[in-house]
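Visitor: what's the 3D shape of this:
(4 chains, ligands or ions: 4)
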Amino acid sequence: SSPAKPAESTPSGDAAATGKLVVYSPNSEGLMNSVIPLFEETYGVEVEVIQAGTGELIKRIQSEKDDPYADIMFGGAHSQYISNPDLWESYVSPADATLPEAYQNKSGFTTSYVLDGSVLIVNKDLIGDIKIESYEDLLNPALKGKIAMGDPATSSSAFAQLTNILLAMGGYESEEAWDYVGKLIEQLDGKVASGSSAVYKSVADGEMIVGLSYEDPCAQLVRDGANVELVYPTEGAVYLPATSGIIKGAKNMDNAKKFIDFILTPEVQDIFGTTLTNRPALAEAQTADYMTPIAEITTIDEDREWVNSNKDALATKYTDLFASLQK
Amino acid sequence: MKNNHKFKLDIWGIITLTILGLYILFLVLPLGTVLYQAVINKETGAITLDYFTKFFGKKYYSDTLINSFQVSFWTTILAIAIGTPLAYFFTMFKIKGKKFLQILIILASMSAPFIGAYSWILLLGRNGVITNFFKGVGIAIPNIYGFAGILLVLVCQLFPLIFLYIQGALKNVDNSLVEASQNMGCGGIKLFLRVIIPLVMPTMLAGGLLVFMRALSDFGTPMLIGEGFRTFPVLIFNEFMSEVSGDDGFASAIAIVSIVVTAIIFLVQKYASNHFSFTMNAMHTIEEKPLKGMKNFLVHLYSYLVIGVAILPQCYVIYTSFKNTKGLLFTEGHSLMSYEAAFKRMGNTIVNTFKIPGIALIIIIFLAVLIAYLVVRRRNKLTSTVDVMSMIPYIIPGSVVGIAFGITFRNKFFSIGGLALMVIALVIRRLPYTIRSSVAILQQIPMSIEEASISLGASKLKTFFKITMPMMASGIISGAILSWVTLISELSTAIILYTTKTKTLTIAIYTEVLRGNYGIAAALSTVLTVATVISLLIFMKISKGKDITI
Amino acid sequence: MSVNIKIKGAVKKYGQNTVISNLSVDIKKGELFTLLGPSGCGKTTLLRMIAGFNSIEGGDFYFGDTRINEMDPGKRNIGMVFQNYAIFPHLSVKENVAFGLKNRKVPKEQIEADTEKFLKIVQIDSYKDRMPERLSGGQQQRVALARALVIKPDVLLMDEPLSNLDAKLRVEMRTVIKDIQNEVGITTVYVTHDQEEAMAISDRIAVMKDGVIQHIGTPKDLYQRPSNLFVSTFIGRTNIMQGKLSISNGKIVLNITPNYVVELDTVSQEHQKDQNVQISIRPEEFVIHHGQDGLDAIVDSSVFLGLNTHYFVHLEETGEKVEIIQESSIDSIIAPKTKIKLTVKREKINIFNEDGSYNLMVGVNDEK
Amino acid sequence: MSVNIKIKGAVKKYGQNTVISNLSVDIKKGELFTLLGPSGCGKTTLLRMIAGFNSIEGGDFYFGDTRINEMDPGKRNIGMVFQNYAIFPHLSVKENVAFGLKNRKVPKEQIEADTEKFLKIVQIDSYKDRMPERLSGGQQQRVALARALVIKPDVLLMDEPLSNLDAKLRVEMRTVIKDIQNEVGITTVYVTHDQEEAMAISDRIAVMKDGVIQHIGTPKDLYQRPSNLFVSTFIGRTNIMQGKLSISNGKIVLNITPNYVVELDTVSQEHQKDQNVQISIRPEEFVIHHGQDGLDAIVDSSVFLGLNTHYFVHLEETGEKVEIIQESSIDSIIAPKTKIKLTVKREKINIFNEDGSYNLMVGVNDEK
Ligand SMILES: Nc1ncnc2c1ncn2[C@@H]1O[C@H](COP(=O)(O)OP(=O)(O)OP(=O)(O)O)[C@@H](O)[C@H]1O
Ligand SMILES: Nc1ncnc2c1ncn2[C@@H]1O[C@H](COP(=O)(O)OP(=O)(O)OP(=O)(O)O)[C@@H](O)[C@H]1O
Ligand SMILES: [Mg+2]
Ligand SMILES: [Mg+2]
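Guide: Numbering: from 1, shown residues only, chains lettered A, B, ... in the order given. Ligands and ions are numbered 1, 2, ... in the order given. Reported below is the predicted structural model:
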């Protein structure tokens, strides 16, 4: 086998000069379409997009550590960046300061650009007259085996739901809260959704009545006309930032920085808010009217620092609890 | 297994060493760089067996091994039970639309992302099309989730493997054996059970091994429809790819457990197939005969039914590709809108879809027959080692292979290019299909034909390429077809290694699924299916006249 | 229960190639009927048609009164020894032999006993647990033989069943075949290329050529009064010479060479007219002597064949080469270049019409 | 360039099973050397050892002065006809035959010409583009034959190369083999089960039994003065009788039955002592007559074999069954139950010591 052309594995210097940027992203259609073409147009940069799941992309970046192929990781949960600090180049965008304090780049390498909240998604055909407004309502025996939830140990949205629930039901280490989690696990009846998307898809497809999911895809389903509705749990919903970062040793460092700056510009943030179903990180940015105004939602704030440093313990605790409750 | 040949540094000795070297470079080295984590404590760097204790200590984890075994065992049994008679019918009898059906069977073995299990959910899920149809007429049918569903999906996907293997093997059964049996009053089912099965047993064991391992290492299906039925490949995948709290060390430990399991199963299989070592010289191949009456009807019914069910998910995908879409949803009405979008995005993926697997396939065939020859005709410790090693990549999750390749070959030291790396990774992962079928067939080819060639002054290599290889053709081809369709639909390694220049249709389908464009994904899947059919037709055209499977 | 086999107008084509064009033959109940013919003439093809393995492009096949053209091979109750043995490679010697019995719901002890018996008969009982690929060629052939005989079928089809056995064993085996065949009265169709074997074992023989039967008759009929030139040359050795038959004064005179004539009284009435003929004189129908009468000949070479010695001589008059067989006498082979005299045993020789298509002699017995 | 083959103390084991224990033989340059022996005695095994396809458990093999035990089979320049043909099923007839030439860098036209020529010689030129599976058994065998002959190797190994051919073709083919072998002077080792063929074609014959060579000699030596009882029974037919040898007054007297004696003058000096012996009298060494002298016998049955007729008779005195061959005379086979007298041709018969392990006569010529 012949050695491949160097250009393929190592974007050379002159590629950077003509304006190139390699983006790894797990993001959905809307997000990509709203940013990438505009960025290319604005800066005359040619963007190569490689898409895969967040886990796969992080692994990929790890494996390419010595000779990075990509310049930017665009998307993924904030906590995943934090757990792999050695992969990222420190860069704080000048625009970062415009964000609400809670979402600012404190680590030096995590630029948050949109927010995602934990929600419940409900199939309107199947729900009948069962009332679902809160986490508490999920314990209705009629829902046993009809609830879709991922595995918090592997799915970031399921983990977000877990910490959300714990916080809402009494605190991360409160016995009461874990008691609720136990009951919820029994309601799941041993069924575990394979990943984040399986949760909302199974509800939309009518496989499950209710799912523990996140706002973006669910809202999009509603917007596209699926027969589902969003429920913001009355106990309170946590909003977490979606993050972007520059990969350490990126070959197109200048363009990467431009990209980070770009996604924080008010124009782009407005686009996020008005065309997508995400909530822009910039508080001043507009939001579309098909989104429930944030004011109408009970929100609670995650102690991200604590959660990040206790991630493994929480996941293990959940897994053990889950295992102990199976027949 | 007795060794039949001392190591000698002749041409075959050199080939042995070369292949061994390649495996050390491209298998042991990369996997070693990843899997060593299994015995290293992340914090202290000390050697530890904690991960293994964790795996075997917690029922939550160790149960996955039992679950996986259950799935694999029954999948293997059912795939053999379904695939073998089908291959037999296709060889013995005239069946209407045989060529077409054969292509459908091969298609059923393709498991492009999103096609397999997800289509089954749409068909047989709690709200599936078929489920609802039966509900409508008042029949409650079991849904797809859990053990039974996994079994259904895997069997539909894997019986083609048995089918192709056995069909290849039947090409090497001399017609006179069938006749002798019929002549002694042993026809029909008895003939099948008492003569045909034992004669193709080495191949059946080889095919069974591949099915078993594939079922054992498959994570896509149990992940999507397992719903809590946990198998250990899912565990490995989740630990490696977790978005939350994965642990590479633990994942590596499980991977090592699976390698050990693979090796044991493989050796058991080798031992078992030793009991069926005999050679056959098929001068007259079995001729297909027309059937009449009830028998004819039943044979057709069986064939159409099995193939019909197996091909359902593909059909459903094709159907959905013509549906209108809106965002994440399929909506009422039909159009070509998905195709319009799909063709805009296809770019060079269609070329890559054939270029990359094409190169890989050539290398695969070349290596596989060489390895098969070494394993069968030059059996010694070294070649047996090569044999065992060749099976390991088959069971390691593709993404692990991808990661390992990335770490090992994407750095200042190696810097192997994208295309080359993809090809190499694909080759080692899809080699086993062709190796196993070639080994099985070669075991049954009598030495005297090769001796005749040597006595006529042909060199060892020439004998191999001019005589042995053509005689192995039916086996090589059945393996190569499987290698081919699985190469085309390969995803998990490629997703770690691809760039836009090496993006294939399969990757495109997966990224469209990620982006939420199910319509486009369905359209691309259909394009992939059509392209595969075309490739198979071309293949049939080229190899026409020669004595091969299709 | 043995049957007679009737074949009417059989036609066999492989693709465009007609191998058998219109063949009819009656094989009697319980007889041992041999097919003899040159390699490639269609013997195996015919056997396989009887067995039901070849498609039949025309004609009718009957077992007794039952038309079997469409009958399943397994239902015909036939035992067959295949030319290539067709031993099951996955079964041991014993299992191979027992195979047919197991399909007949024979009681277990009976199977055991019969198998054992036939393994002994074909002298491979000491190899009974071996796998066939570890047997010699002849041993494999004997497995095939035992396997077909043990089931005592209605019809036995044997395609050169002894070709790989040594002479002694071959003689023993043909006795075995003949005994079993007689004992149970199995109708047997036998293909062999060994004429002596054919002569020794057959009730009747059919000589085939290019898919056409040339002569059916007892071994003796065929040898002594072959129906045409082909049969005479194919069965046994013979010297063919061009001659002239002439009738003068009621005497039938045959010119073997222009100058050497013999008087015949064995030419059949209808053929008694002047004509060019082909003469078949078998090597043993010459007598070598040193007397006055006869053809002058010179010995070219000789081959000692044990019992007999063959001489190759040429006739002085015409230069024709002639083969002669005489019983060997120890230490007294006639040396090359020796001049000898030859006479013929005139009651034994055969003469055919000019193109060799029929025999002119009385006593030709063709049951075709 | 032909070579002589020397084998010293060859040993062959299949697993635990010793098939050849200690075999030595010298095969001369350019000779046609035949291995004869019962099925399973090790003929194929020995050939395969010479060819280099079997492992050698002991002993030395030489081609000329070169020890070949370890030599690669491909380097031995051997042509081989396999007992099971081993035709390449995926090559056409012509390609099969041309295969060996193509490996020898023969010019293309030469390959074409040679192939064509040998296809003609073995009479399969009209099938040259066929695939082997569409040939009859005998046609396949001829492909194998042509394939081995066309390359004109130093050493030809032929394992029953004519077993599936009809008698006529067999005779033609053996002439072909002999001609080519002579022409190029190829050292040939030939295995056949056909004794007549062995006699006709061989320069020398080795008779084997259970992996041990019993007698090596010319065909005539073997037939007339076999070195032991086995050879005498294996080569040709013979009647074995228990007798007594006694020396009285310098006369050597043999009791064939208690009452029938003949006087012999062919017993070798060293064996001239009173002893029990086994007598081998070949069927043709009896003379049937109706005179006074001789053994009384009664005809049990007869078989007409063309040239000769076999009679099976029993002796009135001892009841022993004896086989006799006489030249056939038309319409005059002696009827069963007829009483006859038998005398023996005493200069031809052979006598062996009591256990049959050696011949007592003069003139035994064993080159073992
Ligand atoms: N592969 C083998 N393994 C074990 N024993 C074998 C093997 N091949 C042959 N034999 C045995 O060795 C003996 C000699 O076999 P060989 O094939 O040499 O016989 P042969 O003289 O050629 O007989 P035939 O005339 O029947 O072909 C036989 O008894 C046979 O059973
Ligand atoms: N499958 C086939 N396809 C085409 N032609 C065939 C096929 N089998 C046999 N033939 C041809 O048919 C003719 C008769 O073949 P068959 O096998 O009956 O001959 P045979 O008399 O048995 O000869 P042998 O004595 O050589 O075995 C031959 O010329 C052969 O080439
Ligand atoms: Mg034949
Ligand atoms: Mg042999």
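Visitor: tell me how many other residues crowd C:Val3.
Guide: If you count neighbours by other Cβ atoms under 10 Å in any protein chain shown, C:Val3 ends up with 21. All C-beta spots, glycine's among them, are computed from the backbone N, C-alpha and C.
Visitor: quick one: it from A:Tyr135, how far?
Guide: Using Cβ to Cβ, to the nearest Å, C:Val3 is found at 87 Å from A:Tyr135.
Visitor: B:Val369 now?
Guide: Distance from B:Val369 to A:Tyr135, by Cβ to Cβ: 61 Å.
Visitor: pick out the residue of chain B closest to chain D.
Guide: At 3.5 Å from chain D, B:Leu456 is the closest residue in chain B, using Cβ to the nearest Cβ.
Visitor: residue contacts, that residue?
Guide: Residues counted as contacts of B:Leu456 (Cβ atoms under 8 Å, 6 or more residues apart in numbering or on different chains) are D:Gly79, D:Phe99, D:Gly100, D:Asn103, D:Arg147, D:Ala148, D:Ile151.
Visitor: quick one: which of those residues is most hemmed in?
Guide: D:Arg147 (32 neighbours).
Visitor: ok, now how distant is that residue from chain B?
Guide: Distance of D:Arg147 to chain B, computed by Cβ to the nearest Cβ, to the nearest Å: 7 Å.
Visitor: swap in C:Asp274?
Guide: 54 Å.
Visitor: give me phi/psi at that residue?
Guide: Main-chain torsions, C:Asp274, degrees, to the nearest 10: phi -60, psi 130.
Visitor: what about stretch C:189-203, near chain B?
Guide: No - shown here: stretch C:189-203 not in contact with chain B (Cβ under 8 Å from any Cβ of the partner chain), separated by at least 13.5 Å.
Visitor: how far does that stretch stretch from start to finish?
Guide: 10 Å (Cα to Cα, to the nearest Å).
Visitor: chain center to it, what's the gap?
Guide: With Cα atoms, centre = their mean, to the nearest Å as the basis, stretch C:189-203 stands 5 Å off its chain's centre.
Visitor: now stretch B:418-438
Guide: 11 Å.
Visitor: buried ones in stretch B:357-368, by neighbour count?
Guide: Residues of stretch B:357-368 classed as buried by neighbour count (16 or more other Cβ atoms under 10 Å in any protein chain shown): B:Pro357, B:Gly358, B:Ile359, B:Ala360, B:Leu361, B:Ile363, B:Ile364, B:Ile365, B:Leu367, B:Ala368.
Visitor: now the fourth one. Nearest residue, chain neighbours left out?
Guide: Counting by Cβ to Cβ, 6 or more residues apart in numbering or on different chains, B:Leu426 is the residue found nearest to B:Ala360 once chain neighbours are left out, at 4.3 Å.
Visitor: so that neighbour is in contact with B:Leu487, correct?
Guide: Yes - B:Leu426 is within contact range of B:Leu487, at 5.6 Å (criterion: Cβ atoms under 8 Å).
Visitor: find residues that contact each of the two.
Guide: B:Ile356, B:Pro357, B:Ala360.
Visitor: redo these as JSON lines? Include pLDDT and secondary structure.
Guide: Below are these laid out as JSON lines (pLDDT from 0 to 100; DSSP: H, G, I helix; E, B strand; the rest coil):
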{"residue": "B:Ile356", "pLDDT": "92", "secondary structure": "helix"}
{"residue": "B:Pro357", "pLDDT": "92", "secondary structure": "helix"}
{"residue": "B:Ala360", "pLDDT": "95", "secondary structure": "helix"}
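Visitor: all helices for chain C, in order.
Guide: In chain C, helices defined by DSSP state H lie at C:43-51, C:93-102, C:108-121, C:137-150, C:167-184, C:195-201, C:219-224, C:229-234, listed in chain order.
Visitor: near chain D, anything from the fourth one?
Guide: Right, the one you point to is helix C:137-150. Yes - under the criterion of Cβ under 8 Å from any Cβ, chain D is reached by helix C:137-150 at C:Gly137, C:Gly138, C:Gln139, C:Gln141, C:Arg142.
Visitor: most neighbours, which of the residues you listed?
Guide: Neighbour counts for the residues of helix C:137-150 next to chain D peak at C:Arg142, which has 30 neighbours (criterion: other Cβ under 10 Å).
Visitor: now for the helix or strand containing A:Glu176, which elements pack on it?
Guide: Per DSSP states H and E, A:Glu176 falls inside helix A:175-188. Counting contacts by 3 or more Cβ pairs under 8 Å, 6 or more residues apart in numbering or on different chains; DSSP states H and E, helix A:175-188 packs against strand A:147-148, helix A:156-169, helix A:311-324.
Visitor: tabulate these (TSV), appending mean pLDDT.
Guide: Converted to TSV, those look like this (pLDDT from 0 to 100):
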stretch	mean pLDDT
strand A:147-148	92
helix A:156-169	91
helix A:311-324	89
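Visitor: possible to save the ones you listed as a markdown table with distance to C:Ser126?
Guide: Converted to a markdown table, the helices and strands packed on helix A:175-188 look like this (distance: least, Cβ to Cβ, whole Å):
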| stretch | distance to C:Ser126 |
| --- | --- |
| strand A:147-148 | 72 |
| helix A:156-169 | 72 |
| helix A:311-324 | 64 |
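Visitor: so for ligand 1, which of the ones you listed sits nearest?
Guide: Counting by Cβ to the nearest ligand atom, ligand 1 lies closest to helix A:311-324 out of these; the figure is 57.4 Å.
Visitor: the closest one: how far from the chain's middle?
Guide: The answer for helix A:311-324 is 21 Å, by Cα atoms, centre = their mean.
Visitor: show me what that helix is in contact with.
Guide: With contact meaning Cβ under 8 Å, 6+ apart, helix A:311-324 is reached by A:79, A:83, A:151-153, A:159, A:162-163, A:166, A:172, A:178, A:181-182, A:185, A:307, B:58-60, B:244-245.
Visitor: how about the CA coordinates for the lowest-mean-pLDDT helix or strand in chain C, as CSV?
Guide: The least trusted helix or strand in chain C, going by mean pLDDT, DSSP states H and E, turns out to be strand C:295-305, with a mean of 84. Extracted in CSV, the C-alpha atoms of strand C:295-305 (Å, rounded to 0.1, in the frame of the first residue of the first chain):
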residue,chain,number,x,y,z
LEU,C,295,1.4,-69.3,-46.6
ASP,C,296,5.0,-68.4,-46.5
ALA,C,297,5.8,-66.2,-43.6
ILE,C,298,8.8,-64.8,-41.7
VAL,C,299,8.9,-64.3,-38.0
ASP,C,300,9.6,-60.6,-37.0
SER,C,301,9.4,-60.8,-33.3
SER,C,302,7.8,-62.7,-30.4
VAL,C,303,6.4,-61.9,-27.0
PHE,C,304,6.3,-64.5,-24.3
LEU,C,305,3.1,-64.2,-22.3
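Visitor: so which elements touch it?
Guide: Counting contacts by 3+ Cβ pairs under 8 Å, 6+ apart, strand C:295-305 is packed against strand C:308-315, strand C:339-344, helix D:195-201, helix D:219-224.
Visitor: now that strand against strand C:339-344, angle please.
Guide: 90 degrees (axes from the mean of the first three to the mean of the last three Cα atoms, to 10 degrees).
Visitor: partners of strand C:295-305, with directions?
Guide: Sheet pairing of strand C:295-305 (DSSP bridges) gives strand C:308-315 (antiparallel), strand C:339-344 (antiparallel).
Visitor: for chain B, see how far away the residue nearest to A:Leu139 when sequence neighbours are not counted is.
Guide: Leaving aside its chain neighbours, A:Leu139 sits nearest to A:Lys183 (5.4 Å; criterion: Cβ to Cβ, 6+ apart). Taking Cβ to the nearest Cβ as the criterion, A:Lys183 is separated from chain B by 17 Å.
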